[in-house]
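*Asks:* pasting the sequence and the predicted coordinates here, then a few questions.
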Amino acid sequence: MSDFTISHVEFYVGDARQAAYYYRTAFGFRTIAEGGPETGQQDRRSILLAQGDIRLLMTSDLTPDGPAARYVARHGDGVANIALRTQDAERAFRRAVEHGAEQVAGPHPVEQPDGTVISAAVTAFGDTVHSFVQYESAEQLPGPHLRRVDTAGNPPADQQLLHSLDHFAVCLPAGELEKTVAFYEKALGFNEAFEEFIEVGDQAMESKVVRSSSGAVTFTFLEPDVRRKPGQIDAFLDAHGGAGVQHLAFGTSVIAGAVPKLSSQGVEFLHTPATYYDAVEGRVGSLGGDLDVLRELCVLADRDDWGLLYQIFTRSPHARGTFFLELIERRGAQTFGSGNIKGLYEAVERAQAVADAGAR
């Protein structure tokens, strides 16, 4: 059984201050702690951001040969460490190693101004790792050189639009899906929740979802079907340089309020063809007065056996066009909007057919 929750997600980036500024100004995160030479961390700079239950740690090296610099050179800015909070970091580490995980750092206590933190780390997929972090109290910081900062310049807490990390979407090279899922089940105690074969025109992908026993940590693993034409999974793997986190999904309670607010702050969301909304109620059922709002904001809708969800994706803010973000509002739904993949494809096809007819 895994008691895991998310401690924080660490990004390796070219410039921690620039990355933190983007998430603060565009998404409304607050800076709650910083670390660098001034706090005894001589070789790197880290900035911890928070919103709701979400903690993002932006880290960049101050030397050209550190781990963050090497990661960025190979992959560009991206998710390097998904830190899992647990009540027993040593036990979690030992189980993972016994079932094939490679050790990155053995269990060790870290003395901090706010108490002792026990930490360990193992490989996960690609160049991404999992830290196991055991805290003495809920308010402790995740690193020995992080120091709390004055929050006077942060967005007000009551204006936060995002409340949780809903899931991680991970792209895997062909042939790695089954063994990756087996690793999460055996080494980390996760359970397989869903599996699906998704066909989109001449492209196809396999998808499996695993979830911690606590229900707080969810991964959607995606693998391309090499029998079909290359698609978005192949494009990510090529540009990123192997397996990695394609996107994070931020949970929001009111997506209709979050999208215009974040758009006004500089977040670029993907456009949805108008033809998508001509067919969406035929696929998911009546949306009532929400349909016009979704159409105006380009928000997608899907339904499963448990309920409805609304979702929208950002454009990638990175030069390689790899990592991006998702907003998701769940109204009972437990799946991840796979119906929208086909729905969007068909909408684009209808729009193209209309354009072709007009050109003739």
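*Replies:* Alright, I've got the coordinates.
*Asks:* every contact and neighbour count from this point should use C-alpha atoms.
*Replies:* OK.
*Asks:* start to end distance for stretch 125-143?
*Replies:* 23 Å (Cα to Cα, to the nearest Å).
*Asks:* other residues contacting that stretch?
*Replies:* 7-8, 33, 71, 79-89, 92-93, 104, 110, 112, 114-124, 180, 242-244 (Cα atoms under 8 Å, 6 or more residues apart in numbering).
*Asks:* these in helices, which ones?
*Replies:* Among those, the residues falling in helices (DSSP state H) are 71, 89, 92-93, 180.
*Asks:* tally of neighbours for the nearest residue to Ile341 once chain neighbours are set aside?
*Replies:* Nearest residue to Ile341, sequence neighbours excluded (Cα to Cα, 6 or more residues apart in numbering): Val200, at 7.1 Å. For Val200, the neighbour count with other Cα atoms under 10 Å is 15.
*Asks:* the stretch 201-350 of the chain: helices as residue ranges?
*Replies:* Ranges of helices within the stretch 201-350 of the chain are 232-240, 255-264, 274-284, 290-297, 338-359, based on DSSP state H, counting those that start in this stretch.
*Asks:* list the buried residues of the fourth one.
*Replies:* Which is helix 290-297. 291, 294-295, 297 (16 or more other Cα atoms under 10 Å).
*Asks:* could you report the pLDDT at Glu346?
*Replies:* Glu346 is assigned 66 on the pLDDT scale.
*Asks:* show me the shaky parts of the stretch 201-350 of the chain.
*Replies:* 343-350 (pLDDT under 70).
*Asks:* again with the stretch 51-200 of the chain
*Replies:* Across the stretch 51-200 of the chain, residues meeting the criterion (pLDDT under 70) sit at 152-158.
*Asks:* from the helices of the stretch 201-350 of the chain, which stretch is densest packed?
*Replies:* Among the helices of the stretch 201-350 of the chain, ranked by average contacts under mean count of other Cα atoms under 10 Å, first place goes to helix 232-240 (a mean of 19).
*Asks:* show me the contact partners of it.
*Replies:* Against helix 232-240 from outside (Cα under 8 Å, 6+ apart): 74-76, 171-173, 205, 222-224, 243-244, 246, 320-322.
*Asks:* buried among the residues you listed? Need that as a selection in ChimeraX.
*Replies:* Restricted to buried positions by 16+ other Cα under 10 Å, the ChimeraX selection for the contacts of helix 232-240 reads:
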select :75,76,171,172,173,205,222,223,224,243,244,246,322
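*Asks:* tell me which of the contacts of helix 232-240 fall in strands.
*Replies:* 171, 205, 222-224, 244, 246 (DSSP state E).
*Asks:* picking up where we left off before, mind putting the helices of the stretch 201-350 of the chain into a markdown table with distance to Thr128?
*Replies:* Converted to a markdown table, the helices of the stretch 201-350 of the chain look like this (distance: least, Cα to Cα, whole Å):
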| stretch | distance to Thr128 |
| --- | --- |
| helix 232-240 | 12 |
| helix 255-264 | 28 |
| helix 274-284 | 35 |
| helix 290-297 | 34 |
| helix 338-359 | 25 |
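*Asks:* enumerate every residue touching the closest residue to Pro107 other than its chain neighbours.
*Replies:* Nearest non-adjacent residue to Pro107, counting by Cα to Cα, 6+ apart: Ala120, 4.4 Å away. Residues in contact with Ala120 (Cα under 8 Å, 6+ apart) are 89-90, 93, 104-108, 131-133.
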